[in-house]
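Trainee: I would like the atomic coordinates for the input below:
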Amino acid sequence: MNNWILSKIITIWVQIRDTYLYLFRHALIINAYVDDHTWFGIRHRNWGDDLNYYFIKEITGRPVIIYHNFKLAKWLHLNNYLCIGTLLDGEKYKNNHTIIWGSGYSGADRSLTHPQKVMAVRGPKSRDYLLFQGIECPKVYGDLALLLPLVYKASPPALPRREGTLFETRNSKLETKRYRLGIIPHVVDLHHPVIEEIRENHADEILIIDLAHYMKWTDIIDQICSCECILSSSLHGLIVSDTYQVPNCWIELSGKISGGYFKYFDYASSVKRDFTEPFKIESLTDIYKLTDNIFENADLAVIKDNQNKLVEVAPFHLKI
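Mentor: From the prediction side, this is the model:
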């Protein structure tokens, strides 16, 4: 069948499916960088963005519809929600009927569509941006991934830690940790030469956590929790490590992540972490330089405070 015709058929199917879910199953319309132009479910592209589909369903018990593929939502100006991702200033991801709960600003100089209401943003820097634009924003901070432990208890493989020789990091005795180190490359860094070399020669002791090619959405959490410590060029790799209390370090691989450093500083300020710059990994030799003191966690008390406030201002009922 011609690809154009198949695409049109899928488009019609999506409208029928989403109309049914909205009218009869009380679906939430989420405005996000997620592709649900499929017969069922979504395409896996970036786990952090995909949480808008999987995690929102989990915490609400309601189906999720992705706004940009649902024509009825645009025609009737239906309420929609902007939750997870750096989308506050993305023109196609916000409109006058958008309610914001947890999203963040990119730091770019872009035009802004005023939303219907702001319940919470990712961090203080995002709030400053909205206030500068004349948009009312409460002092409620946190990426919604901070709420993950409230609904999912990680189940890492309970296997002895591998005693690798590539590097020395921590001296803890976490015998249930399968890997001494996990590396979470941002999706743009998946084929960085250092990542490819580790996959080929050091897979026994270093786990590469792939945010684009997972099976179950909870697998990523389990993989993170199976590591003694985490290096991540992905922001959500750091957030999930923090909320599950896995020591972690912000790294830079290709340096090609859209928006630069702003979103990392925004998140760090929300959990009172002191980010200055990422630890640059340019070759495998840099892995040898890892020392115990580069791995940190956000304070659990701060995370719990953010969790409580996010739950308190949630724009829909949560099953928490």
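Trainee: from here on, contacts and neighbour counts on C-alpha atoms
Mentor: Will do.
Trainee: Wait, H77 touches T98, no?
Mentor: No. The criterion here is C-alpha atoms under 8 Å, and H77 misses it with T98 at 9.5 Å.
Trainee: the more surrounded of those two?
Mentor: T98 (23 against 13; other C-alpha atoms under 10 Å).
Trainee: my guess is the more buried one meets L87, correct?
Mentor: No. Look at T98 against L87 with C-alpha under 8 Å: they stay out of range, at 11.6 Å.
Trainee: Pull up the overlap in contacts between the two.
Mentor: By C-alpha atoms under 8 Å, 6 or more residues apart in numbering, T98 and L87 have no common neighbours.
Trainee: Start and end of stretch 89-101, how far apart?
Mentor: 14 Å (C-alpha to C-alpha, to the nearest Å).
Trainee: So which bits of it are buried?
Mentor: D89, G90, Y93, K94, N95, H97, T98, I99, I100, W101 (16 or more other C-alpha atoms under 10 Å).
Trainee: Go through those and name the one with the lowest pLDDT.
Mentor: Lowest pLDDT within these is found at G90 (76).
Trainee: ok, now how distant is that residue from H77?
Mentor: 18 Å.
Trainee: now A268
Mentor: From A268 to H77 the distance is 35 Å (C-alpha to C-alpha).
Trainee: Could you tell me which helix of the protein is the longest one?
Mentor: If each helix of the chain is counted by residues according to DSSP state H, the longest one is helix 3-24.
Trainee: Using PDB, write out every CA atom in it.
Mentor: Extracted in PDB, the C-alpha atoms of helix 3-24 (Å, rounded to 0.1, in the frame of the first residue of the first chain):
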ATOM      1  CA  ASN A   3       2.800   5.100   2.200                       C
ATOM      2  CA  TRP A   4       0.800   8.300   1.700                       C
ATOM      3  CA  ILE A   5      -2.500   6.400   1.700                       C
ATOM      4  CA  LEU A   6      -1.400   4.300   4.800                       C
ATOM      5  CA  SER A   7      -0.500   7.600   6.600                       C
ATOM      6  CA  LYS A   8      -4.000   9.000   5.800                       C
ATOM      7  CA  ILE A   9      -5.700   5.900   7.100                       C
ATOM      8  CA  ILE A  10      -3.700   6.000  10.300                       C
ATOM      9  CA  THR A  11      -4.600   9.700  10.700                       C
ATOM     10  CA  ILE A  12      -8.300   8.900  10.400                       C
ATOM     11  CA  TRP A  13      -7.900   6.000  12.900                       C
ATOM     12  CA  VAL A  14      -6.200   8.200  15.400                       C
ATOM     13  CA  GLN A  15      -9.100  10.700  15.300                       C
ATOM     14  CA  ILE A  16     -11.600   8.000  15.800                       C
ATOM     15  CA  ARG A  17      -9.600   6.400  18.600                       C
ATOM     16  CA  ASP A  18      -8.900   9.700  20.400                       C
ATOM     17  CA  THR A  19     -12.500  10.900  20.100                       C
ATOM     18  CA  TYR A  20     -13.700   7.700  21.700                       C
ATOM     19  CA  LEU A  21     -11.100   8.000  24.500                       C
ATOM     20  CA  TYR A  22     -12.000  11.600  25.200                       C
ATOM     21  CA  LEU A  23     -15.800  11.200  25.100                       C
ATOM     22  CA  PHE A  24     -16.200   7.900  26.800                       C
END
